[in-house]
Every structure is written in structure tokens, then in C-alpha cells.
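build me a structure from this.
(one chain, ligands or ions: 2)
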Amino acid sequence: SLSDKLQNIFKNLRGKGRLSESDVKAALREVKMALLEADVNFKVVKQFVKSVEERAIGQDVMESLTPGQMVIKIVNEEMIKLMGSETTEIALKSGSEITVIMMAGLQGAGKTTTTAKLAGKFKAQGRKPLLVACDVYRPAAVEQLKINGEKQGVPVFAMGTNQNPVDIAKAGIEHAKSNGNNIVILDTAGRLHVDEDMMTELQNIKSSVGVDQTILVVDSMTGQDAVNVASSFDEKIGIDGVILTKLDGDTRGGAALSIKAVTGKPILYAGMGEKLSDLEQFHPDRMASRILGMGDVLSLIEKAEAQIDADKAAEMEKKLRKAEFDFNDYLEYMGQIKNMGGLGSIMNMLPGMGFAGKIKTDGVDMDEAEKNLKRTEAIILSMNNAERSRPDILNPSRKNRIARGAGVDISEVNRVVKQFEQMKKMMKQMPGMMKQFGGKKGRF
Ligand code: GDP
Ligand code: MG
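Residues are numbered from 1 along each chain as shown. Ligands and ions are numbered 1, 2, ... in the order given. This is a model prediction of the structure:
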């Protein structure tokens, strides 16, 4: 897959020290190949590589990151830009005013399924969607929409298959008006290929019923074809946004990377499976992480970049292994945590820590933890050097002196000492932890 290939390229940059212009160019030649193989549009690849190169070579990039990390960082940022940077919402009218959404796309792209998936999203937002069956060429399509609508608990409006799609759409909107629906989603008929009849039919619907949003549904597995299809639809009928389906089976990411750049139209949602709940809002940053295959580690790099000295982290880990970890190290370690934006943000970023949900919803506890961190710091700062480097000499009289110096009760000092011992133990059990902060010895 693309992510495997890119990871390999960057792995080769590891440990090369400073990155020269020829290093950047060599790496980007590989990136270019990988993107082309992933079926990213040729023009998009060219422009992409150019902008990465301009940034990488022009900048004094290699100060705080390893060369590979720096290239990953720039590639990642450019990928996000390419996909539109921001998440785009479907524009809906407010209150009881009806928003008419027309779904368009080739046969099998996933229109009918996505229509029902979207309806579920709108319903969850407290909207009242109505689905309208405008695919009159396949009786099974009407039935499919009815079944899916029922599963979602959303009404479906259908007429016979001997009716004109424009008339069905009109009648559907009237039905919505008299039944209090504020969103109408028109499920239209596709064809196997881009074809004049289909385009004319869609143009007719669009010009006769006042469509507010035309959403193109494309199959991401078709790669560059998906992009060509998007261009044709946009030229012929004008689209407002794209939903990429079957992203669950697409390991290449070619369509996702090219569509916005080629058509200028945002990707709104991504279909992630056949189940009606498998529709996700499209986040360019998450998609870039997915294509790079590095998850939230990317954001960790970014934060760590400025503050963390990889050598220091490696040295600290060595100390931990040898159980030399003392209060001076503890102090430094806490400083690093502060620089990285506090405990909460770190715990949220570390994969597999299992803290994410709790910390996000439990802001009060985190505030308490940060306060604790400050108190702990004050206590350690009240220790003299001998005490910091040899915690075992901390007897009650020393602890009393420290407590007075920090303006806390002696029980607080005891708590810090205990915390320190626990930390030391925990760090020994998780030798990989410091690597996450470090970099040079880490995954890249
Ligand atoms: P339409 O002809 O454009 O209306 O396409 P359908 O909605 O009938 O979908 C065609 C096929 O693609 C069906 O078997 C769907 O279950 C499947 N499908 C649609 N969206 C997705 C998706 O996001 N992931 C996967 N794996 N299958 C999908
Ligand atoms: Mg259909």
C-alpha cells in the first residue's frame, strides 16, 4: 500500500544526519512513484512533489527532527492542504425550510446506500429527512431505498417506475412540505459510464425543482477514474461536494488525494462499509494520517519537534533502564510534559494508552493533575542537589525542611516521593515510552 511504501522511503532517510538537496530530491522521486502507483492524478503528483520540494529544500529543516521525520511532516502537511484542509459540512437551510439534496453518480457507486446513510446522520441531528426514489429504471432500486429507509426509520417517497424522475422529484418535495420534512434527498439513477442521457436527466431535475445541493457519489476504488467522473459531472451539471464510497476497501488513497485538487470541490463524507452506520465525515488531516499510516504519532512529532531533544530522551531512557532515574530527571521530565501541552494532550496522543475517552470528558481531573504537577515541581525545587540525586537519603528532618521550603505539608512531600517511586517503576515497565518522545531511536 501507499503507506507501506512511504514508510519505507522515510525509513531509508533515517540516521543519515542532515538532509541535503539531493537527499530530498531522491526521497521525493520515490514519493512521486508511490503516489503514481496509488493512482493519484499525474498533474496533482507533479504539483505536490514540487511544493514539498520547495518547502523542504528552502527551509532550515533539520534542527530538531530527524531527516525522515521532517520529510514526513512536510508531506503530511501538503497532503492535508491538497485535500482541502478543513472539514466541509453540507449546507442546510434552517428551521422548517426544505433543503433539496440531489445525489448523483454512476451505477454501483453507492448512491442509494449513501442516501440512506446520510438520512441517518440528518435524523440524528434532529432533522426530518424524506428520501425520494427517482431511479425509475430499476424496480429493485426503489425497493432497495424503501428497505434502507425503513432500517433508518426515515420515510421514503416513491411513485411507479413508469413516471418521469422530474415529476417524482416535484411530487416528493410537495409531500415533504405537507408532512413537515425539512430535508429531501433525491436518489437518482446512474449509468455504467458517463453518458448524455444521465446528464440530461440530472440537469432536468436540477433546473425544475430547485436543487440546493448536488452531491456526487464516487467509488474510491476506481482511483483516477473517480476523479475523471467527478470532473465530468462537475462540468455537465455542477456539483457542490463529493462523497467517496468504499474507502474501507481502498488502500491506495488516490481518489481521496486528487479529487479536491482537480475539481475544486470538497469531499464531504467517506463511506467505510456496507452497513448504514458506515459513513464518516471526511477529515483531511485524518485521511492524510491514514495514507501515511502513522496515526496520531504525526501530531506527536509536531509537538515534540520544538521541545524535545532526542538525545536527552535516549539518555533518560538509558538511566531508567539502569534505575539511575533521580529527582533531577523527574523535574526535567515534567518540564517536557509541560512543553508538550500538558498531561492531557500527551495521554490523548499516545496510541493504545486507553486514556483518550476519559481525559476528554473528564476535564476536572486533568486540571487537578496539572496542579499536582506544579506542586510537585515546587517540592523538588526545594530539595538540594544531594537529595535530588539520591532520593534514598530523604529522612524526616530533610522532608520537613523541604516541606517548609515549598510551603506545603510534609504529607505532600511524602506523596511526591511515593509518586516518584511509582513513576520509576512504571517507566521501567514501559521502556518504549521515552522513545515516543525521542525520535532518533523511535519508529522513524
Ligand atoms: P448505486 O447504484 O449508486 O445506488 O449503488 P448502491 O447504493 O446500490 O451500492 C452498490 C454496492 O456498493 C452495494 O453492494 C453497496 O452495499 C456497496 N457499497 C456502497 N457504499 C459502500 C461502502 O462505503 N463500502 C462498501 N464496502 N460497500 C459499499
Ligand atoms: Mg441506486
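
name the element the most centrally placed residue in the chain belongs to?
Most central in the chain under Cα atoms, centre = their mean is R286, positioned 1.5 Å from the mean C-alpha point. In this assignment (DSSP states H and E), R286 forms part of helix 284-292.

could you name the helices and strands sitting against that helix?
If contacts are counted by 3 or more Cβ pairs under 8 Å, 6 or more residues apart in numbering; DSSP states H and E, helix 284-292 sits against helix 2-12, helix 67-82, helix 254-263, helix 297-307. Any C-beta I mention is one placed from the backbone N, CA and C, and that applies to glycine too.

CA atoms of it as PDB?
The C-alpha coordinates for helix 284-292 follow below in PDB (Å, rounded to 0.1, in the frame of the first residue of the first chain):
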ATOM      1  CA  PRO A 284      -8.400  15.900   5.500                       C
ATOM      2  CA  ASP A 285      -5.900  15.600   8.400                       C
ATOM      3  CA  ARG A 286      -7.100  12.100   9.400                       C
ATOM      4  CA  MET A 287      -7.100  11.000   5.900                       C
ATOM      5  CA  ALA A 288      -3.500  12.100   5.400                       C
ATOM      6  CA  SER A 289      -2.500  10.300   8.600                       C
ATOM      7  CA  ARG A 290      -4.300   7.200   7.300                       C
ATOM      8  CA  ILE A 291      -2.500   7.400   3.900                       C
ATOM      9  CA  LEU A 292       0.800   7.900   5.700                       C
END
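
and that helix with helix 67-82, angle?
130 degrees (axes from the mean of the first three to the mean of the last three Cα atoms, to 10 degrees).

circling back: so for the residue nearest to the centre of the chain, what's the pLDDT?
For R286, the pLDDT comes out at 84.

state the distance from it to P165.
Computed as Cβ to Cβ, to the nearest Å, the R286 to P165 distance reads 36 Å.

just to be sure, K93 is in a strand?
No. Membership of K93 in a strand is not supported by DSSP: H, G, I helix; E, B strand; the rest coil, which gives coil.

now do the helices in the stretch 251-400 of the chain.
254-263, 284-292, 297-307, 310-321, 327-339, 342-349, 356-361, 363-381, 385-389, 396-406 (DSSP state H, counting those that start in this stretch).

any idea which of those helices scores lowest on pLDDT?
Across the helices of the stretch 251-400 of the chain, the lowest-scoring stretch is helix 356-361, with a mean of 40.

grab the nearest non-local neighbour of the residue of the stretch 151-300 of the chain found nearest ligand 1.
The nearest approach of the stretch 151-300 of the chain to ligand 1 comes at G271, 2.4 Å away (Cβ to the nearest ligand atom). Nearest in space to G271, with sequence neighbours left out and distances taken as Cβ to Cβ, 6 or more residues apart in numbering, is T245 at 3.5 Å.

check Q47 too.
Leaving aside its chain neighbours, Q47 sits nearest to A261 (7.4 Å; criterion: Cβ to Cβ, 6+ apart).

and what of M423?
Using Cβ to Cβ, 6+ apart, the nearest residue to M423 is Y330, at 6.8 Å.

what about the one you found, neighbour count?
21 (other Cβ atoms under 10 Å).

got any ranges where the protein has weak pLDDT?
1-3, 6-7, 11-19, 58-67, 294-317, 319-323, 337-369, 427-444 (pLDDT under 70).

domain ranges for it?
Under the assignment automatic domain parsing, the domains of the chain span 2-82, 99-292, 297-438.

show residues contacting stretch 259-270.
41, 43-44, 47, 82-84, 88-90, 114, 117-118, 215-216, 218, 220, 226-227, 230-231, 234, 239-245, 247, 256, 279-282, 284, 287 (Cβ atoms under 8 Å, 6 or more residues apart in numbering).

and that stretch, how far from the chain's centre?
16 Å (Cα atoms, centre = their mean, to the nearest Å).

measure that stretch end to end?
13 Å (Cα to Cα, to the nearest Å).

show me what contacts the residue lying closest to K399 once chain neighbours are set aside?
Leaving out its chain neighbours, the residue that sits closest to K399 by Cβ to Cβ, 6+ apart is V413, at 4.7 Å. Applying Cβ under 8 Å, 6+ apart to V413 gives the contacts 379, 399, 402-403, 406.

how about the residues of the stretch 151-300 of the chain near ligand 1?
Residues of the stretch 151-300 of the chain lying near ligand 1 by Cβ under 6 Å from any ligand atom: 190, 217, 245-246, 248-249, 271-274, 278.

let's see if you can find the most crowded of those.
T245 (30 neighbours).

roughly how far apart are that one and ligand 2?
12 Å (Cβ to the ion, to the nearest Å).

now do E37
Per Cβ to the ion, E37 is found 31 Å from ligand 2.

then V24?
47 Å.

now do R252
25 Å.

ok, that residue to M199 distance?
Counting by Cβ to Cβ, the gap from R252 to M199 is 28 Å.

these two: who's more crowded?
R252 (20 against 17).

which non-adjacent residue is nearest the more buried one?
Nearest residue to R252, sequence neighbours excluded (Cβ to Cβ, 6+ apart): A38, at 4.0 Å.

that neighbour: neighbour count?
25.

does it touch D250 like I think?
No. Counting by Cβ atoms under 8 Å, A38 stays clear of D250, with 9.5 Å between them.

now name the helix or strand holding Q419.
Applying DSSP H and E as the criterion places Q419 in helix 410-429.

give me the buried positions along that helix.
412-413, 415-417, 420, 423-424, 427 (16 or more other Cβ atoms under 10 Å).

for whatever helix or strand E150 lives in, what is the distance to the chain centroid?
For E150, the host element (DSSP H and E) is helix 139-152. Centroid separation for helix 139-152 versus its chain: 32 Å, with Cα atoms, centre = their mean.

pairing partners for the following helix or strand past it, with directions?
Following helix 139-152 in sequence order, the next helix or strand is strand 156-157 (DSSP H and E). Sheet neighbours of strand 156-157, with direction, are listed as strand 129-133 (parallel) (DSSP bridges).

output the strand it pairs with as PDB - backbone C-alpha positions only.
Taking Å, rounded to 0.1, in the frame of the first residue of the first chain, the C-alpha atoms of strand 129-133 are listed here in PDB:
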ATOM      1  CA  PRO A 129     -35.400  13.900   6.100                       C
ATOM      2  CA  LEU A 130     -37.500  12.400   3.300                       C
ATOM      3  CA  LEU A 131     -36.000  10.100   0.700                       C
ATOM      4  CA  VAL A 132     -37.300  10.200  -2.800                       C
ATOM      5  CA  ALA A 133     -36.900   7.300  -5.300                       C
END
